[in-house]
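A.B. asks: Attaching a predicted model along with its sequence, questions to come.
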Amino acid sequence: MPKHANALFPGAAAKSATPTQDGLFVHDPATAEDSFRSVTLKAMYSPDDAPFETFYEPLLSRAVAYDRAVGYWSGAELQLAAQGTAYFIAGGGVMRLIVGAQLGEKDVDAVLSGTPLDDVVAERLLADPGLEGTKIVQSEHLSVLAWMVANDRLHIRVGIPIDKDGHLLTHQESGRYFHTKYGIFTDRYGQKVAFSGSNNASVTAWVKNHETFDAYRSWRTESWEDYGEPKERAFERHWRANPDEGWAIIDLPTAVRKHLIEHAPDAPPFPLNTPAPPPKIEKTDPEAPPAEVDIDIQEAWDELIALRDAPKTSAWTGVGTAWAQPLPHQAELIHRVVSTYPRGYLFADEVGLGKTVEAGMVLRELFTSGQAKKALLLVPASVMKQWQEELHEKMNLDVARYDKGGFFDRFDQPIATAPGTNPWSAFPIVLASSHLARRRTRRTEILDAGPWDVVLVDEAHHARRRGSKATDTPNSLLGLLQEMKKRELWHALYLASATPMQMHPHEAWDLIELLGLPGKWGEQAFFFTQYFTYLGDPPERRGWKLICDMLGDYFSDPLAERDTELERQVDDALGWADAWTVTGMASNPPSPDLKAQFPNAISEWMEKWARRHTPIRDRVFRNTRKTMRTYQAAGIIPTSIVIPYRHVTDEFIPLAPNERKLYDRIEEYIRRHYNAYKSDKATKALGFIMTVYRRRLTSSFEAIKQSLQRRLDVLEQGKSLADLLTDDDGVDLENSLFDPEAFDVRADRLKEEIGELRSFLNDLGDITGEDTKAKKLVDDLAGSFKTYDSAVVFTQYTDTMDYVRERLLAAGYYRLGCYSGRGGEIYDSVTEEWNSVTKAEIKARFRNGDIEVLIGTDSMSEGLNLQTSGRLINYDMPWNLMRVEQRIGRIDRIGATYEHLQISNYFYKDTVEEQVYTGIKEDYDDFTNILGGAAPVLGTVEKVIENLVLATNLSDEAIAREIAGIRTRIDDISNQPVSTDDLGTPDDDIAIKAPPDLTGDITPTDLATKLTNNLLSGRRLTPYDGRPGVYALCLVPDNARVSFRRYDSVTSVECYLGQSPTASVPVTFDRDIWDASSDSDLVFLTYGSPELGSLLPAEPDE
């Protein structure tokens, strides 16, 4: 800590209760009059002890910080303690308050229907008698409260009840209120007094009611460690939005705070009938300090401004100071995209090669450098949480997630917004569901929120046409993006998809056309397809006029790349004169005489030149695992880094006789109802739900059992179709062409099924303990641990996951972990309970070997890298095989522990799925290797299986025809005029060169050195005892939750010196410490993190 640091903050709390020196005077907390020790305190207080006069007021008058958590609070207590409040304010005191709010049924319904949570809570608080209703700032005795809020001396947060899934509860539903009642005072010497008991924070509670409470003093070490310190930790946990289960803590709604500030008096409202407050202790006047201090402070301030501006003055500071560091192929991409901003691009790397990292790094560099200030990220709902976590973990960006009608941080705690704010532009970076954006009811709201500097769409292939023709109607997502482009609602559009072209060339054109293409490239899909069709024709019959015209259009874009290496090769091969015939063909089509000589060497080079210079080569990035091996062979990726090989085994598991009988019965039930619903437009959504049931039957008997139980509950309780689905069904719903509104109808038409459902549930109850697939899993795991230290088990459904983990416990496996939409869970063999843990803890425990078997749903296939394991078992197989590739990508990663990975895929024997998969395997050995150009066909397998399992007249011949069709489509797509080889740079054409250096002038080490030694910022960074490389950062104010959000922060030295820290958070500048930690509160302190933003001077107003 700088030697002058304490001198900058007279009156602020010291770090210990040892004597301190201020000028010529030494203050001993044991004797000083302004110390808590000068007050005669008891261990327990009752009304006979006059606690207000003997405890509250004398402590408040000596305090520099007061933390209070209570269900009911009134500002009248501050007025009653007028003299104590006067001293508290004059001494720079800051109060943090957590109070409760009761929500009624109408409040919860309003949130569910889309009203921002902030608005609902604001209305409730303003109508709450505990806060004096709308008279909150009109009552004289509450003017103290208003002044303190307006001057950042009182920070308020609100506790509201939620259920285990994070849904709001009414007071009647929860049966509880925020009855937490405790407080902590801190004096200027760092001494603390905590109290806890039945007293509310009101005049009546302190003076009239028969309230009792206990008090604990920090200088009484034993009682403080047992009782006082836990209260202090509990308050910090609540304040940091990590409350006890069943509660959410949100900021004081903007409407309430604004209402207070508007009516706050200009001066501290000390009552006339009380003694005058003591003279205010003035902080150091930066205008007239001793010369040495003046220079030191000004230099420190200038250094902080330079640190703030470093990403703007030194390119690549944003990328270079992120936790994640890009691999060679990612560095090339990031450099190209940022250097040509606002040009749009499509990120099309193979699954598992880091499209999220690439897009996130681009976003980080653009925002930290100030080039972008507003972005909208549209991602599938099923991976929205994973995107938020990965942006935090890898790019150190904390973004607001728009979900369930409100905004949430990565801890799933609500984030307040101003009433009337358009949610699609409420924060610098808004993360929202592309499925929600598809809703027709949201279209106007979204269009009104633009323009954005950046719009990013993940899984962009979901934006497609409703049929197979280029002229078919766009689906709602593609239509939205086309309208946004028409209205110029983005400066840069970035798309991400591993399969941008599903089955038809126009699907790729529909996406890249959104980026803005020159000339005929952007006019219509016909020209796009025709260009590549001509290049597939014999050279003497090609439409060279169109090819050359479109080459001219390509080069009309000043940012279009010209392949100088290919140009050199043409010169070497043909000589200058003939080389110009090739490289200048955009303005010089081949003459009839030249075409008469085709095919020859010139026509071969002309084809290479034409294929190389196209928008889908220039605007699309596609890297594969072969790319990685090429980099490694060239020595750019060290040989010590493992690029693993996978070995896949398909396991076909026979059903026991009783399982087979029930399986066939349920399959027939699903088939019968599906076919009854599919022909009627009004009931097609019901048909889709039957396909979901059939998928669950493939997973486990437990999954279908829980689905049928939900169906029965919905029918008996009259709920809507949406209640038949779970979060696990989100991916299938997003891949369907259904508009979300299709499920907002009641399920009354299904009531005749009730008897049949009850019969199924009875039979399923008898079969659960005899699952042959679970027995197979137990046997395979036993064999796996002879080679591997751990194993990963994937399933599609949380219901199956819960069943599997119980089976593994019964088999004697106790080092278990789970990850699903519920988050992380760890089994405690001592208490025999499952405990919720953070994603960081799951990752750390799995890496350290504490977890032997990790079971998870497809939520685990995004953003949770498990490359320390070499064994993966797919307990069930999604019909869409690309999802299996995403699962395998969790362990098949660059830098894996094992060079050889063993993958097992479980199927039920004698099922349609088995016949389809074995049919593919006959020709292609392993479907997970059908990537490259034929990969989109894997998506069609899903529809083939669906059609077969739900067909009324299923036969072996029909199955054989469909399998033959798949083979034909794999062959056909290889012969399409446009293939995935045309996307990006093919592996064979990669120009091996050292990746660009994406580091700026400031590194994380520089940040650590400068900030901890700076005279101003060093005061707020204290080394953590027992945690080398970790610091406690004092936050001012407590609003550091969203990256790049502008707050009322410091713009001058005087403001910086006048701050009053209100909370602390552990931070580090060390990438290794951050990566190894299981502490979800630990922050990697770098640019873009809200915490660093609170430590640096505010950006000047534009």
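C.D. replies: That came through, no problem.

A.B. asks: A strand includes residue 559, no?
C.D. replies: No - assigned with DSSP: H, G, I helix; E, B strand; the rest coil, residue 559 falls outside any strand and is coil.

A.B. asks: Got the confidence number for it?
C.D. replies: At residue 559, the model reports a pLDDT of 94.

A.B. asks: Show the backbone phi and psi for the residue lying closest to it once chain neighbours are set aside.
C.D. replies: What sits nearest to residue 559 in space, not counting adjacent residues and going by C-beta to C-beta, 6 or more residues apart in numbering, is residue 340, at 4.9 Å. Every residue, glycine included, has its C-beta placed from N, CA and C. Here is the backbone geometry of residue 340 (degrees, to the nearest 10): phi -110, psi 10.

A.B. asks: Just read off the phi/psi values of residue 217.
C.D. replies: Dihedral angles (degrees, to the nearest 10) for residue 217: phi -110, psi 140.

A.B. asks: Give me the neighbour count for the nearest residue to it once chain neighbours are set aside.
C.D. replies: Using C-beta to C-beta, 6+ apart and skipping the chain neighbours, the partner closest in space to residue 217 is residue 193 (5.6 Å). Around residue 193 there are 24 other residues, counting by other C-beta atoms under 10 Å.

A.B. asks: Name the secondary structure element that contains residue 193.
C.D. replies: Per DSSP states H and E: residue 193 is located in strand 192-197.

A.B. asks: now swap in residue 454 and tell me
C.D. replies: Following DSSP H and E, one finds residue 454 within strand 452-458.

A.B. asks: Adjacent strands (with direction) for that strand?
C.D. replies: Sheet partners assigned to strand 452-458 using DSSP bridges are listed as strand 375-379 (parallel), strand 490-496 (parallel).

A.B. asks: what residues does the shortest one touch?
C.D. replies: Looking back up the chat, that one is strand 375-379. Contacts to strand 375-379, defined as C-beta atoms under 8 Å, 6 or more residues apart in numbering, come from residues 363, 367, 387, 399, 424-425, 428-434, 437, 449-450, 452-459, 490.

A.B. asks: What of stretch 436-452?
C.D. replies: 374-376, 378, 381, 402, 422-425, 475-477, 480, 483-484, 487-491, 739-741.

A.B. asks: Of these, which belong to strands?
C.D. replies: Using DSSP state E, the members of the contacts of stretch 436-452 that fall within strands are 375, 376, 378, 402, 490, 491.

A.B. asks: beta partners for the second one?
C.D. replies: Think residue 376. In this entry, residue 376 is beta-bridged to residue 430, residue 455, by DSSP bridges.

A.B. asks: now it: how far from residue 423?
C.D. replies: 10 Å (C-beta to C-beta, to the nearest Å).

A.B. asks: Looking at the two now, which is surrounded by more residues?
C.D. replies: Neighbours per residue (other C-beta under 10 Å) separate residue 376 from residue 423, with residue 376 holding more: 26 against 21.

A.B. asks: in the stretch 501-650 of the chain, which spans are helices?
C.D. replies: For the stretch 501-650 of the chain, the helices defined by DSSP state H, counting those that start in this stretch occupy 505-512, 525-536, 544-555, 564-583, 592-596, 601-612, 615-618, 625-633.

A.B. asks: a markdown table for the ones you listed, including distance to residue 53 and mean pLDDT?
C.D. replies: Formatted as a markdown table, these follow (distance: least, C-beta to C-beta, whole Å; pLDDT from 0 to 100):
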| stretch | distance to residue 53 | mean pLDDT |
| --- | --- | --- |
| helix 505-512 | 73 | 85 |
| helix 525-536 | 83 | 91 |
| helix 544-555 | 84 | 96 |
| helix 564-583 | 85 | 91 |
| helix 592-596 | 105 | 91 |
| helix 601-612 | 86 | 94 |
| helix 615-618 | 78 | 91 |
| helix 625-633 | 73 | 84 |
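
A.B. asks: Could you export the ones you listed to JSON lines, including columns for mean neighbour count and distance to residue 519?
C.D. replies: Shown next, in JSON lines, are the helices of the stretch 501-650 of the chain (neighbours: other C-beta atoms under 10 Å; distance: least, C-beta to C-beta, whole Å):
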{"stretch": "helix 505-512", "mean neighbour count": "24", "distance to residue 519": "14"}
{"stretch": "helix 525-536", "mean neighbour count": "19", "distance to residue 519": "9"}
{"stretch": "helix 544-555", "mean neighbour count": "19", "distance to residue 519": "3"}
{"stretch": "helix 564-583", "mean neighbour count": "15", "distance to residue 519": "19"}
{"stretch": "helix 592-596", "mean neighbour count": "11", "distance to residue 519": "23"}
{"stretch": "helix 601-612", "mean neighbour count": "19", "distance to residue 519": "15"}
{"stretch": "helix 615-618", "mean neighbour count": "24", "distance to residue 519": "10"}
{"stretch": "helix 625-633", "mean neighbour count": "17", "distance to residue 519": "30"}
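
A.B. asks: Relative to residue 43, which of these is closest?
C.D. replies: Ranking those by distance to residue 43, with C-beta to C-beta as the measure, places helix 625-633 first at 65.9 Å.

A.B. asks: Quick one: distance of that closest one to the chain centre.
C.D. replies: 30 Å (C-alpha atoms, centre = their mean, to the nearest Å).

A.B. asks: CA atoms of it as PDB?
C.D. replies: Presented in PDB, the C-alpha positions along helix 625-633 are these (Å, rounded to 0.1, in the frame of the first residue of the first chain):
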ATOM      1  CA  ARG A 625      -9.200 -29.900 -36.400                       C
ATOM      2  CA  LYS A 626      -7.000 -30.500 -39.500                       C
ATOM      3  CA  THR A 627      -6.200 -26.800 -39.400                       C
ATOM      4  CA  MET A 628      -4.900 -27.300 -35.800                       C
ATOM      5  CA  ARG A 629      -2.700 -30.300 -36.900                       C
ATOM      6  CA  THR A 630      -1.300 -28.200 -39.700                       C
ATOM      7  CA  TYR A 631      -0.300 -25.500 -37.300                       C
ATOM      8  CA  GLN A 632       1.300 -28.000 -35.000                       C
ATOM      9  CA  ALA A 633       3.200 -29.600 -37.900                       C
END
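
A.B. asks: Can you tell me what sits against that helix?
C.D. replies: Contacts of helix 625-633 (C-beta under 8 Å, 6+ apart): 327-329, 350, 353, 637-639, 641, 643, 894, 987, 990, 992.

A.B. asks: Narrow those residues to just the buried residues.
C.D. replies: For the contacts of helix 625-633, a burial check counting by 16 or more other C-beta atoms under 10 Å picks out 327, 328, 329, 350, 353, 637, 643, 894, 987, 990.

A.B. asks: Tell me the secondary structure at residue 158.
C.D. replies: Once three-state DSSP is applied, residue 158 turns out strand.

A.B. asks: My error: substitute residue 186 in the last question.
C.D. replies: strand.

A.B. asks: what's the burial count for residue 307?
C.D. replies: Using other C-beta under 10 Å, residue 307 is surrounded by 21 other residues.

A.B. asks: and what of residue 941?
C.D. replies: Neighbours of residue 941 (other C-beta under 10 Å): 24.

A.B. asks: how close does it sit to residue 460?
C.D. replies: Distance from residue 941 to residue 460, by C-beta to C-beta: 21 Å.

A.B. asks: got it, and residue 393?
C.D. replies: From residue 393 across to residue 460, the span is 23 Å (C-beta to C-beta).
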